[in-house]
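Chemist: model the structure of this input:
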Amino acid sequence: MSETLVVLVSGRGALAKLAGVPSVLRHVHAARMLGLGVVVVYPPERRALGAEIRGIVEPDALCIPADRFVAEFGFGESTMLLVAAEWYLAIAAVVAIRDASEPVLLGRVCERGCVSVPIARVTREDAVDIALRLGTTSAAAALSGLLVGPEATLDLDAHSEQRLSDNVSTAHAEEKLIETLFGPPQLLPLLRLRPTLAPLLARRFNDTALGPAGISAIKLVIGLAAAWIIESGSYAAGVSGALLYLAARIVGAAGIVLARASFADGDVREKLDLAGDTVLHIALLWSLAGGPARGHGAVALAVVATVGVLVSTGIAYVFVLRDSWLSRQAASQRGERRPGGESASATGDEFVSRFVQRDGVAYALLFAAAAGRLDLFLWAAALASHLFYVLWLITRPRDDGRTMALGKAA
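Modeler: So this is what the prediction gives:
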């Protein structure tokens, strides 16, 4: 396994931002997450660009010109992992090259008949040669020159890579990032406000001192304010509170996007989101019971719905999230940080995605508020809060040996 990731800078595409995070910094964070040493290399003749990048990545990574790289890293027989800074690469692509059994492996991309290699594991001799050519040839193009040899190749998934050559390609790369978080755009654009607005808001948050955990706290405050407004019971308060609750969901999504764009995601933000979402849903239920839906068995409905929310949260924790956090903690103790969610099964990831991105609640609340029937929303919540986990328990795989886990945890 390669122990050093060399981030090769050929031009200003390395500064292209995804949700406010420069591409070169994203690669540096990916290396840190995977337990790799990292060095950023730029052409000696482009010292102004090098100084700009150095101001971004240091002290997270060593940023040096190619001639210094040759002098300090050009000796030895081991291999090195190389990545082109002007490319978006999903963490899965980096992991695939890092964990491959082949000593030399080229990650190949073919776009409109043009073959590029944005990531590869190569010998130190080839790494030195590529670094010295950065002033005249892009890293991906220089690496593609190795395809004429006997080296093994790996075709990268189109959803996990994107050349960052202009604003259009950068927008496409961000769309691929968002798709991994929210899924493909199967709904009407009006119902996909979070995937649309979250990246825009994440860029603004990136210019502040707030981290993903701080953004989660802001979401909690906004959501609680929405519940307090709804409790007054008037039509205007219901609509205003529903809009504010939707805004809280968008703020929370911006925190997720920013965390994933910079590979800064972690247990703290996830635990805050899990606890915060649970608190918000319960607060919303009881604000309805004490306001617009007062009477007509509202308290009983709120109790039933609250139990459903708590059981859903327990299911999410016991069956999926706990294993993910423990696996990540164990990997960290071994000196190898794993990306959030990669330790979970595909089914688990899908469940977590559905659980933490329950946009239907916000849209249903807004629709009920606009129709002036928030009392019906409480009835629906009492049913849906239980239906969610029941359906998952019915459809989940039976071979994971966790059938009794919930009972033991209780």
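
Chemist: strands of this protein, start to end?
Modeler: For the chain, the strands defined by DSSP state E occupy 4-8, 17-18, 21-22, 37-42, 62-65, 79-84, 87-89, 105-111, 114-123, 152-155, 161-163.

Chemist: other residues contacting the longest one?
Modeler: Applying CB atoms under 8 Å, 6 or more residues apart in numbering, the set of residues contacting strand 114-123 from outside is 2, 77, 79-84, 87, 89, 93-94, 97-98, 100, 102-110, 130, 139-141, 143-144, 146-147, 151, 156, 161, 163. To be clear about C-beta, it is placed using only N, CA and C from the backbone, and glycine gets the same treatment.

Chemist: got the strands of the chain as a markdown table, with mean neighbour count columns?
Modeler: Listed next are these as a markdown table, based on neighbours: other CB atoms under 10 Å:
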| stretch | mean neighbour count |
| --- | --- |
| strand 4-8 | 26 |
| strand 17-18 | 22 |
| strand 21-22 | 23 |
| strand 37-42 | 24 |
| strand 62-65 | 20 |
| strand 79-84 | 26 |
| strand 87-89 | 26 |
| strand 105-111 | 20 |
| strand 114-123 | 23 |
| strand 152-155 | 14 |
| strand 161-163 | 24 |
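
Chemist: can I get those in TSV with mean pLDDT and distance to F205?
Modeler: What follows is the strands of the chain, written out as TSV (pLDDT from 0 to 100; distance: least, CB to CB, whole Å):
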stretch	mean pLDDT	distance to F205
strand 4-8	92	24
strand 17-18	90	13
strand 21-22	91	11
strand 37-42	93	25
strand 62-65	93	25
strand 79-84	92	26
strand 87-89	93	20
strand 105-111	88	31
strand 114-123	90	28
strand 152-155	89	35
strand 161-163	91	23
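
Chemist: of the ones you listed, which is nearest L197?
Modeler: strand 17-18 (15.7 Å; CB to CB).

Chemist: sheet partners, orientation included, of that closest one?
Modeler: strand 21-22 (antiparallel) (DSSP bridges).

Chemist: just the residues contacting the partner strand, thanks.
Modeler: 14-16, 56, 206, 258, 261-262.

Chemist: could you rerun that using 10 Å?
Modeler: 14-16, 28-29, 52-53, 56-57, 85, 164, 177, 202-203, 206, 257-264 (CB atoms under 10 Å, 6 or more residues apart in numbering).

Chemist: and the nearest residue to F377 once chain neighbours are set aside, what does it touch?
Modeler: Distances taken as CB to CB, 6 or more residues apart in numbering place A368 nearest to F377, at 3.9 Å, with adjacent residues excluded. Neighbouring residues of A368 by CB under 10 Å, 6+ apart: 238-239, 242, 288, 292-293, 374-378, 380-381.

Chemist: distance from the lengthiest helix in the chain to the middle of the chain?
Modeler: Taking DSSP state H as the criterion, the chain has its longest helix at helix 235-261. Relative to its chain's centre, helix 235-261 lies at 18 Å (CA atoms, centre = their mean, to the nearest Å).

Chemist: flag every buried residue along it.
Modeler: Buried positions in helix 235-261, judged by neighbour count with 16 or more other CB atoms under 10 Å: 237-261.

Chemist: what of stretch 364-376?
Modeler: Buried, per 16+ other CB under 10 Å, within stretch 364-376: 364-366, 368-369, 374-375.

Chemist: give me the mean pLDDT for that stretch.
Modeler: Mean per-residue pLDDT for stretch 364-376: 88.

Chemist: give me the residue at the spatial middle of the protein.
Modeler: In the chain, the residue lying closest to the centroid (CA atoms, centre = their mean) is R260, at 2.9 Å.

Chemist: need the nearest residue in space to it, chain neighbours excluded.
Modeler: L181 (6.1 Å).

Chemist: wouldn't that neighbour be in contact with V257 here?
Modeler: Yes. Taking contacts as CB atoms under 10 Å, L181 lies within contact range of V257: 6.5 Å.

Chemist: in helices, which of the contacts of A368 appear?
Modeler: Per DSSP H, those map to helices at 238-239, 242, 288, 374-378, 380-381.

Chemist: looking at those, which is nearest V168?
Modeler: A242 (35.7 Å).

Chemist: ok, that closest one to V95 distance?
Modeler: Per CB to CB, to the nearest Å, A242 is found 41 Å from V95.

Chemist: what number of residues lie near A96?
Modeler: 17 (other CB atoms under 10 Å).

Chemist: got the confidence number for it?
Modeler: 89.

Chemist: before we move on, what about A92?
Modeler: 85.

Chemist: which non-adjacent residue is nearest it?
Modeler: A92's closest residue in space is S160 (CB to CB, 6+ apart), at 5.7 Å.

Chemist: L288 too?
Modeler: L378 (4.8 Å).

Chemist: what about that neighbour, how many neighbours?
Modeler: Quick note: L378 (other CB under 10 Å) scores 24 neighbours.

Chemist: hmm, it is touching G297, no?
Modeler: Yes. When contacts are counted by CB under 10 Å, L378 is listed as touching G297 (9.3 Å).

Chemist: okay, and the common contacts of the two?
Modeler: Common neighbours of L378 and G297 (CB under 10 Å, 6+ apart) are 289, 304.

Chemist: got any ranges where the stretch 251-400 of the chain has weak pLDDT?
Modeler: Scanning the stretch 251-400 of the chain for pLDDT under 70 picks out 264-269, 320, 323-359, 396-400.

Chemist: quick one: the helices in it?
Modeler: For the stretch 251-400 of the chain, the helices defined by DSSP state H, counting those that start in this stretch cover 267-290, 298-316, 322-333, 346-356, 359-371, 374-395.

Chemist: what do you get for the stretch 101-250 of the chain?
Modeler: According to DSSP H, counting those that start in this stretch, the helices that the stretch 101-250 of the chain contains are 124-132, 139-144, 167-182, 193-206, 212-230, 235-261.
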